Structures are given as C-alpha cells and as structure tokens.
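1. sequence first, predicted coordinates after that:
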Amino acid sequence: MIVAETSRLILRHFQPDDAEDLQAVFGDAEVMRFSTTGAFNLDQIRAWLDRAPIAYEKNGYGLNAVIEKTSNQLIGLCGLLVWEDLDGQHEDEIGYRFARAWWGKGLATEAACATRDFGFGQLGRNRLISIIEPENVRSIRVAQRVGMQYERSTKFKNLDVGIYAMNRSSWENLR
C-alpha cells in the first residue's frame, strides 16, 4: 500500500521480499551507528520485516519502505513510530534511515517532509517529534529542514538524546 508520494519517492508498506534490499540499510554498521541495535544480519532483517505489519495493524501507520522512482529501488525507510511513554507522554516520532549510497541527496528530508504532512494532514496529529543523539548531525539537519526545533534533552533507551519537535500550528504556517 502506498502511503505517500513525492516527485522522487514512493513511501509504501514493507513487503516480505524487501529483506535483501534492506541489507544496504540495516546491514551497514555506519548506517546503523545511531541505532540501539547495531547492524542486522539477513535473518534479523527478515524477523524485523515479519514484525513491521504489527504497527500498521495496531496504529494504522508505521515505518515505510522508501522507493526511489527512477530506479524503482528500495533506498531506505521513513515513517511514524509510536512511543506510548516518552517522559510520561504519548509521542509520534518521524523516524528515517537510508542506505549510505543515497546520503546527501535531500531524499531523507523529502521523505520526512512527506511523513510530516501525512502525520499532520491525514492523521490529524497535533505534534510530531524526532529523537536524535546529539552526535547525529545529519539527522539533526533533516529534522530542522522538516521544520522541527530542538526542545529538550532526555534519556531514551539508556541514551542521551535530543527531542526535536514541531506542532500543528508551525506546520500550518509552512503551507
């Protein structure tokens, strides 16, 4: 199922046969440097794909495969994650991760903007966040380009992270 489309990208639900393509994302230690899990092997990627539909079923949304239109290649993932208790409150996070070959082309920002518009537009959310380690400068830049601003520092899964946030009125002012 297609969730969003931009001039260069399609965001769609994951499919079981995406495992090999996801190796360029989940299997790359540099791409996974700022994850709590580290790099995945192919069996771990398949297990992750088996769990991906749970978020779609439970919440109606989740992380999506990002397909580059010209090559029809899966180049990363982007979507909304639900955190039921982040510092005592429910939060929806824009999360993204891309294969290294596609870094520096503005595609993460493009996908994150489409996800932001989906969250505020179709889902009617009043607030979206991104949870980013302070050393992850590339992700911080993406969050800022999407319109998020640094809000605070906190602990998340035993890591020191920054919370970048955007509310509905800020999104409406962009439109």
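-> Great, that's in hand.
2. contacts and neighbour counts: CA atoms only from here.
-> OK.
3. which stretches of this protein form helices?
-> 19-26, 42-59, 107-117, 137-146, 168-174 (DSSP state H).
4. may I see the buried residues of the first one?
-> Right, helix 19-26. Under the neighbour-count criterion of 16 or more other C-alpha atoms under 10 Å, helix 19-26 has Ala19, Asp21, Leu22, Gln23, Ala24, Val25, Phe26 buried.
5. count of neighbours near Arg51?
-> Arg51 has 11 neighbouring residues, counting by other C-alpha atoms under 10 Å.
6. and the pLDDT at it?
-> pLDDT for Arg51: 91.
7. and the helix or strand of the chain with the lowest mean pLDDT, which residues are buried?
-> In the chain, no helix or strand scores lower on mean pLDDT, DSSP states H and E than helix 42-59, which sits at a mean of 92. By neighbour count with 16+ other C-alpha under 10 Å, helix 42-59 contains the buried residues Ile45, Arg46, Leu49, Ala52, Pro53.
8. name every strand pairing with the longest strand seen in the chain and say which way it goes.
-> In the chain, taking DSSP state E as the definition, the longest strand is strand 73-86. Counting by DSSP bridges, the strands paired with strand 73-86 are strand 63-68 (antiparallel), strand 89-98 (antiparallel).
9. out of those, which gets nearest to Asp160?
-> strand 89-98 (16.5 Å; C-alpha to C-alpha).
10. what does the closest one contact?
-> 25, 31, 63, 75-85, 108, 112, 115-116, 127-131 (C-alpha atoms under 8 Å, 6 or more residues apart in numbering).
11. any idea of the angle that strand forms with helix 107-117?
-> Computed with axes from the mean of the first three to the mean of the last three C-alpha atoms, to 10 degrees, the direction of strand 89-98 lies at 150 degrees from that of helix 107-117.
12. got the angle between strand 89-98 and helix 137-146?
-> 110 degrees.
13. may I see the buried residues of strand 89-98?
-> Glu91, Asp92, Glu93, Ile94, Gly95, Tyr96, Arg97, Phe98.
14. Gln73 bridge partners, please.
-> The partner residues for Gln73, given DSSP bridges, come to Glu68.
15. what's the local residue count around it?
-> 13.
16. again, but for Asp28
-> The number of residues near Asp28, taken as other C-alpha under 10 Å, comes to 17.
17. how near is it to Ser7?
-> As defined by C-alpha to C-alpha, to the nearest Å, Asp28 lies at a distance of 27 Å from Ser7.
18. and if you look at Phe120?
-> Between Phe120 and Ser7 the distance is 20 Å, computed by C-alpha to C-alpha.
19. these two - which one has more neighbours?
-> More neighbours surround Phe120 than the other of Phe120 and Ser7, with 18 against 8 (other C-alpha under 10 Å).
20. who are the contact partners of that one?
-> Phe120 sits next to Asn126, Arg127, Arg168, Trp171 when contact means C-alpha under 8 Å, 6+ apart.
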